[in-house]
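Peer 1: Need a 3D model of the sequence below.
(chains A, B, C and D)
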Amino acid sequence: MTEKKKQNAFVVGPISPEFIASSIANHQSKTNVGAHSIFLGQVRADVLNDKEVLAIDYTSYVPMAEEIVHEIREAIFAKYPLSCMHIYHSLGRVEAGQICLFVFTSSPHRKEAQEACAEIVERIKSEVPVWGKEILNDDSYIWKENK
Amino acid sequence: MTEKKKQNAFVVGPISPEFIASSIANHQSKTNVGAHSIFLGQVRADVLNDKEVLAIDYTSYVPMAEEIVHEIREAIFAKYPLSCMHIYHSLGRVEAGQICLFVFTSSPHRKEAQEACAEIVERIKSEVPVWGKEILNDDSYIWKENK
Amino acid sequence: MDEVKLKVFGKLEEVIGTDELVWSVPLDVKTLKSELENKYPSIRKVQFAISINNKIASEDVLIKEGDKIALLPPFSGG
Amino acid sequence: MDEVKLKVFGKLEEVIGTDELVWSVPLDVKTLKSELENKYPSIRKVQFAISINNKIASEDVLIKEGDKIALLPPFSGG
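Peer 2: Have a look, this model is predicted:
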């Protein structure tokens, strides 16, 4: 029941808890699955230069980003015996406290789902052309950089 | 905003996607959180001696189990800088495809949430007195053992 | 004579046929195990640990009146 | 003379003042970088990679007509 169809990785605005719930519920028919690993990235209200981050505005070079996400999906499916893999990233404005990244892996046993999920998150952050502009509470902003 | 109050780890029957969603939604006010890691254990329809697993019926020595879960919580909070930690395990019957374990960790940065979540899952499986009886499709059953 | 209750779980509950036994104490964990195996020979094929007051106990620990004792087959949560 | 479009993203879009440039080709990536830095001196303080047809390109790769080129500052997704 391996599911490898090409999916769009980007959603406009925050990723809602209800969307995550329905994604989980969709896996109840996959009775070979014993373990799900989920990573959620949430926008932090960091304080930068005495100003608080209200939101992050995400942009992307979408055609390249979708291609890179597809390559990551293929590589991770080749490396780990996963039943399912889902990757979603926000575009546009996401408020502090809202979710901007949702990675979801499923496998018969736990190790594979957990390791694959962590590896996907690392690769998304380092390889996918997405930029976050941190909007501060005085209407100024700072371009975020992943370390 | 560290949240260490004693929680009951056991829920009767399966853990619903809606419960997971509301647990995620409750963290939108925790704006120091940048990463959530979630592990879900799902009952597999394994085939044992040519019979399919329909469900697992979980029992526990609850007072000891709650005490051990509490010790695990304290140890993990001491080891990792987490903002929140939630642990839920089913008791009673959980059908194949339904969720029986929900571990949820949150932290400012991703590594801590991911490592803590994986460590909690290992400790739950090896240290908490819970027993799963795999109900087969001919009404017989097999006592599960974690490896 | 002093007594304790032994709670019995999982597969052992089936093999022994009850979820609670009453046992004479004091005695150490090792002695309890061998007394149990003498009375219920079929439990010899089931691996199990013994907890005292919610902690897994090693064989040399002494069980006394008032202790909460449980017989715990291998765990299979998660 | 052949030309390509250069898509410009993130912080670089602000520094250069547009999200698209038109540039004469062929030339290699290293030469494109130095021509950009000559025309827009302020981008020297911004680290960036150049992609050709959705792949990050090394400095010696030749850019030719029809290639999709983009200027990519450090990523910050997730």
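
Peer 1: need the strands for chain C, in chain order.
Peer 2: Using DSSP state E, the strands found in chain C span residues C:3-8, C:20-24, C:27-28, C:49-52, C:55-56, C:62-63, C:69-72.

Peer 1: again, but for chain A
Peer 2: Using DSSP E, the strands assigned to chain A run over residues A:10-12, A:35-42, A:47-48, A:51-60, A:84-95, A:99-107, A:130-136, A:141-143.

Peer 1: May I see the buried residues of the fifth one?
Peer 2: Applying a neighbour-count criterion of 16 or more other C-beta atoms under 10 Å in any protein chain shown, one finds A:84, A:85, A:86, A:87, A:88, A:89, A:90, A:91, A:93, A:94, A:95 buried in strand A:84-95. All C-beta atoms are positioned from the backbone trio N, CA, C, and that covers glycine.

Peer 1: what bridges to the last one?
Peer 2: Residues found in beta-bridge contact with residue A:95 (criterion: DSSP bridges) are residue A:55.

Peer 1: cool, the fourth one as well?
Peer 2: Residue A:87 has these beta-bridge partners by DSSP bridges: residue A:103.

Peer 1: related to what we said a few turns ago, which stretch among the strands of chain A comes nearest residue C:8?
Peer 2: Residue C:8 lies closest to strand A:35-42 among the strands of chain A, at 30.6 Å (C-beta to C-beta).

Peer 1: That closest one - which strands sit beside it in the sheet, and in what orientation?
Peer 2: When DSSP bridges is applied, strand A:35-42 pairs with strand A:99-107 (antiparallel), strand B:35-42 (antiparallel).

Peer 1: With distance to chain A and mean neighbour count as new columns, can the strands of chain C be given to me in JSON lines?
Peer 2: Output for those, formatted as JSON lines (distance: least, C-beta to the nearest C-beta, whole Å; neighbours: other C-beta atoms under 10 Å in any protein chain shown):
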{"stretch": "strand C:3-8", "distance to chain A": "28", "mean neighbour count": "18"}
{"stretch": "strand C:20-24", "distance to chain A": "33", "mean neighbour count": "13"}
{"stretch": "strand C:27-28", "distance to chain A": "38", "mean neighbour count": "16"}
{"stretch": "strand C:49-52", "distance to chain A": "23", "mean neighbour count": "19"}
{"stretch": "strand C:55-56", "distance to chain A": "23", "mean neighbour count": "14"}
{"stretch": "strand C:62-63", "distance to chain A": "36", "mean neighbour count": "18"}
{"stretch": "strand C:69-72", "distance to chain A": "23", "mean neighbour count": "22"}
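
Peer 1: got a pLDDT number for residue 4?
Peer 2: In the absence of a named chain, this looks at chain A. In this model, residue A:4 is scored at 48, pLDDT.

Peer 1: I was thinking of chain C, sorry if that wasn't clear
Peer 2: Reading off the model, residue C:4 has pLDDT 98.

Peer 1: Identify the residues contacting it.
Peer 2: C:22, C:23, C:25, C:63, C:64, C:65, C:66, C:67, C:68, C:69 (C-beta atoms under 8 Å, 6 or more residues apart in numbering or on different chains).

Peer 1: can you list those in a markdown table and add distance to chain D and pLDDT?
Peer 2: Formatted as a markdown table, these follow (distance: C-beta to the nearest C-beta, whole Å; pLDDT from 0 to 100):
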| residue | distance to chain D | pLDDT |
| --- | --- | --- |
| C:22 | 59 | 98 |
| C:23 | 58 | 98 |
| C:25 | 58 | 96 |
| C:63 | 54 | 98 |
| C:64 | 57 | 96 |
| C:65 | 59 | 97 |
| C:66 | 55 | 96 |
| C:67 | 52 | 98 |
| C:68 | 48 | 98 |
| C:69 | 51 | 98 |
